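In: sequence-free structure coming up:
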Ligand SMILES: Cc1cc2nc3c(=O)[nH]c(=O)nc-3n(C[C@H](O)[C@H](O)[C@H](O)COP(=O)(O)O)c2cc1C
């Protein structure tokens with residue numbers, strides 16, 4: 001495995017273990033990594049930018065508002081022009097800022113602006129490490145997808161203090177860097193995918209709408225799975241209570257017509273996976289003002305109009321993606337209805353699932369699907385939605401390789 005040439009952005013924060021970061025830079029350079037260094041103001045109380053820069057072989061960035069640095073690379077490019085960000089040592093303070101999204105100096109701003117993997121090597125006094133606030137922050141950071149190496153246990157720099165909180169040795173940090181940077185297979189690199197997800201909301205008046213029970217979990221999981229395999233993914237999502245998947249460009253829409261426009265303007269693409277539960281009808285002539293309840297008057301009747309069929313539009317579009325996949329949410333005759341849809345919509349695959357109330361699929365954790373294509377029907381067992389997503393991403397990879 002060769003990781004030489006990979007770019008590590010090293011952030012040194014203000015802990016006593018900062019002196020070990022000099023050795024860490026040396027070891028990373030020995031392995032052939034390009035190392036760029038940022039130091040916090042507190043870090044410069046322990047080691048100098050001159051020493052770190054001499055070892056890294058370049059300028060050390062320290063100031064968010066430096067006119068020269070901003071013109072040279074700029075904080076956003078610093079955050080992105082790397083393969084990973086390593087924080088060693090990571091102080092309790094910097095971890096607290098990260099856990100709360102605080103960006104009040106160069107290091108914390110870059111950490112908020114990066115879209116690259118982040119590895120922390122915490123180093124602090126054991127009481128600071130065990131403090132409820134620090135432990136809360138560690139949990140938040142881990143949930144946010146931040147990686148940690150250490151801390152280790154043993155004697156502290158302060159005499160008479162021992163426990164968990166020591167920064168792990170530079171050799172162990174280098175090993176974690178290597179693990180993080182190991183190439184995962186990215187068979188969909190260079191491919192572009194459009195995924196829709198969630199429900200649509202069709203307004204009745206400014207405060208009311210028609211919706212359905214889709215949570216967006218399946219669509220979001222598919223967007224993530226395709227992205228992990230290297231595809232450039234555009235996720236067009238209806239209103240959901242889910243975070244935007246990391247590494248995916250998410251476009252937020254409400255109505256079916258908006259979803260159609262967002263999908264069409266994202267073409268061309270190699271893959272389209274239309275997972276969203278798009279409302280079949282919208283309210284014709286949405287009221288501009290809230291419809292008032294009038295004493296003694298009958299309930300208003302809602303006139304419905306047909307919404308655009310996004311799957312069919314994509315399936316017959318002049319820029320039709322090589323692979324068009326639709327989801328069919330059915331409550332009866334799942335297979336027959338799925339097969340009919342395959343034809344009608346111009347799709348290569350219909351993923352049919354039973355969304356009847358007893359199936360618990362809508363809003364639930366699991367999904368049981370049937371893959372219906374012109375080659376036949378493949379029934380998958382009841383699986384977590386994430387696993388359905390991974391399997392489908394594999395299916396897409398194999399299919400595209402043959403086209
Ligand atoms: C001698 C000394 C040693 C310190 N060592 C640590 C340490 O190992 N870990 C830590 O989290 N904070 C340590 N601190 C406190 C940090 O320097 C302080 O919280 C600072 O605000 C951190 O700033 P930064 O996170 O922007 O680098 C130490 C402070 C002093 C004076």
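Out: Sure thing, it's come through. This one's a predicted model, so the numbers in the text were calculated from it and none came from an experiment.

In: please report how far residue 212 lies from residue 194.
Out: Per Cβ to Cβ, to the nearest Å, residue 212 is found 21 Å from residue 194. Where C-beta positions appear, they are placed from N, C-alpha and C, glycine not excepted.

In: spell out which parts of the chain neighbour the ligand.
Out: Residues of the chain lying near the ligand by Cβ under 6 Å from any ligand atom: 13-17, 40, 42-43, 91-94, 123-124, 128.

In: tell me which of those residues fall in helices.
Out: Cross-referencing those against helices under DSSP state H gives 92, 93, 94, 128.

In: taking those residues together, which two end up most distant?
Out: Farthest pair in those (Cβ to Cβ) is 94 and 128. Separation: 12.2 Å.

In: comparing those two, which residue is more hemmed in?
Out: residue 94 (27 against 16; other Cβ atoms under 10 Å).

In: which residues does that one contact?
Out: Taking Cβ atoms under 8 Å, 6 or more residues apart in numbering, we find residue 94 in contact with 11, 13, 40, 87, 107, 108, 111.

In: rerun that using 7 Å as the cut-off
Out: By Cβ atoms under 7 Å, 6 or more residues apart in numbering, the contact list for residue 94 reads 13, 40, 87, 107, 108.

In: where's it relative to residue 19, distance?
Out: In terms of Cβ to Cβ, residue 94 sits 17 Å off from residue 19.

In: so what pairs up with residue 35 in the strands?
Out: For residue 35, the beta-bridge partners are residue 8 (DSSP bridges).

In: ok, back up a step: now the buried members of the contacts of residue 94.
Out: Among the contacts of residue 94, those buried by neighbour count (16 or more other Cβ atoms under 10 Å) are 13, 40, 87, 107, 108.

In: got the residues you listed as JSON lines, with pLDDT columns?
Out: Output for these, formatted as JSON lines (pLDDT from 0 to 100):
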{"residue": "13", "pLDDT": "98"}
{"residue": "40", "pLDDT": "98"}
{"residue": "87", "pLDDT": "98"}
{"residue": "107", "pLDDT": "97"}
{"residue": "108", "pLDDT": "97"}
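
In: how about the residues you listed in TSV, adding distance to residue 283?
Out: Converted to TSV, those look like this (distance: Cβ to Cβ, whole Å):
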residue	distance to residue 283
13	55
40	55
87	52
107	51
108	47
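
In: once you drop chain neighbours, what's closest to the residue nearest the centre of the chain?
Out: Residue closest to the average C-alpha location in the chain (Cα atoms, centre = their mean): residue 246, at 1.3 Å. Excluding the flanking residues, the one nearest residue 246 by Cβ to Cβ, 6 or more residues apart in numbering is residue 145, at 6.4 Å.

In: I'd say that neighbour and residue 245 touch.
Out: No: between residue 145 and residue 245 there is no contact, the gap being 10.8 Å when judged by Cβ atoms under 7 Å.

In: the more surrounded of the two?
Out: For residue 145 versus residue 245, neighbours defined as other Cβ under 10 Å are more numerous around residue 245 (23 against 9).

In: ok, the more buried one to residue 299 distance?
Out: Distance from residue 245 to residue 299, by Cβ to Cβ: 41 Å.

In: returning to that earlier point: what is the nearest of the ones in helices among the residues of the chain next to the ligand to residue 64?
Out: Distances from residue 64 to these, taken by Cβ to Cβ, are shortest for residue 94, at 14.2 Å.

In: run a quick neighbour tally on the nearest residue to residue 352 once chain neighbours are set aside.
Out: Leaving aside its sequence neighbours, residue 352 sits nearest to residue 338 (Cβ to Cβ, 6+ apart; 3.4 Å). Look at residue 338: counted by other Cβ under 10 Å, it has 25 neighbours.

In: packing partners for the helix or strand hosting residue 338?
Out: Here residue 338 sits within helix 334-345, counting by DSSP states H and E. If contacts are counted by 3 or more Cβ pairs under 7 Å, 6 or more residues apart in numbering; DSSP states H and E, helix 334-345 sits against helix 310-315, strand 323-330, strand 349-354, strand 369-373.

In: list of residues touching that helix?
Out: The contact list for helix 334-345 (Cβ under 7 Å, 6+ apart) reads 311, 312, 315, 326, 328, 330, 350, 352, 354, 370, 372, 377.

In: quick one, it and strand 323-330 angle?
Out: 140 degrees (axes from the mean of the first three to the mean of the last three Cα atoms, to 10 degrees).

In: ok now helix 334-345, how far from the chain's centre?
Out: 32 Å (Cα atoms, centre = their mean, to the nearest Å).

In: what comes up buried for that helix?
Out: Quick answer for helix 334-345 (16+ other Cβ under 10 Å): 334, 337, 338, 339, 341, 342, 345.

In: pLDDT averaged over that helix - what is it?
Out: Averaging pLDDT along helix 334-345 yields 88.

In: run through the stretch 1-150 of the chain and note the low-pLDDT ranges.
Out: Within the stretch 1-150 of the chain, the stretches with pLDDT under 70 are 1-2.

In: again, but for the stretch 251-400 of the chain
Out: 356-363.

In: let me see the contact set for residue 84.
Out: Residue 84 neighbours (Cβ under 7 Å, 6+ apart): 8, 116, 117, 119, 177, 180, 181.

In: switch the cut-off to 6 Å
Out: Shown in contact with residue 84 (Cβ atoms under 6 Å, 6 or more residues apart in numbering): 8, 116, 117, 180.

In: how about the helix or strand where the last one lies: buried residues?
Out: Secondary-structure assignment from DSSP H and E places residue 180 in helix 170-181. Residues of helix 170-181 classed as buried by neighbour count (16+ other Cβ under 10 Å): 170, 173, 174, 176, 177, 180, 181.
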